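>>> What shape does this take:
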Amino acid sequence: MFLPRTMSDEISSFVEDILRDDSDFRRKFISVFARMSTDEWKLLEAKVLELAEEIKKADP
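Purely as a prediction, here's the structure:
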C-alpha cells in the first residue's frame, strides 16, 4: 500500500527527475520559472485562474 505523498515530496521528486533527465527542454523550462520574480508569479497565477474560468464557462 502506498502512503499519500505531500506536495513537498512531489516537488522534490519532480526536481530530482529533472536533474537526472537529459532533456534540454525540461531544464530550460524549469530554469525560466526559477528566475521569475514575485510579481511575475502573481501574474502567472492570475492568468491561470483566468484560463480556468474560461474553461469553466465553455464546459460547465
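
>>> Show me where this structure dips below the pLDDT cut-off.
1, 60 (pLDDT under 70).

>>> same for the helix or strand hosting Glu10, what does it pack against?
Assigning secondary structure by DSSP states H and E places Glu10 in helix 7-20. If contacts are counted by 3 or more C-beta pairs under 8 Å, 6 or more residues apart in numbering; DSSP states H and E, helix 7-20 sits against helix 24-34. Any C-beta I mention is one placed from the backbone N, CA and C, and that applies to glycine too.

>>> centre of the chain versus the helix it packs on, how much separation?
Taking C-alpha atoms, centre = their mean, to the nearest Å, one finds helix 24-34 lying 11 Å from the centre of the chain it belongs to.

>>> How about stretch 4-15?
Worked out by C-alpha atoms, centre = their mean, stretch 4-15 lies 12 Å from the chain centre.

>>> So what touches that stretch?
Applying C-beta atoms under 8 Å, 6 or more residues apart in numbering, the contact partners of stretch 4-15 are Ile30.

>>> could I have that stretch exported to CSV, CA atoms only?
In CSV, the C-alpha atoms belonging to stretch 4-15 read as follows (Å, rounded to 0.1, in the frame of the first residue of the first chain):
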residue,chain,number,x,y,z
PRO,A,4,0.0,9.6,0.2
ARG,A,5,2.8,12.0,-0.8
THR,A,6,2.9,15.5,0.4
MET,A,7,3.2,18.4,-2.1
SER,A,8,6.8,18.9,-1.0
ASP,A,9,7.6,15.2,-1.7
GLU,A,10,6.0,15.6,-5.2
ILE,A,11,8.0,18.7,-5.9
SER,A,12,11.2,17.2,-4.6
SER,A,13,10.7,14.1,-6.7
PHE,A,14,10.0,16.2,-9.8
VAL,A,15,13.1,18.3,-9.4
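
>>> Thanks again, I'm all set now.
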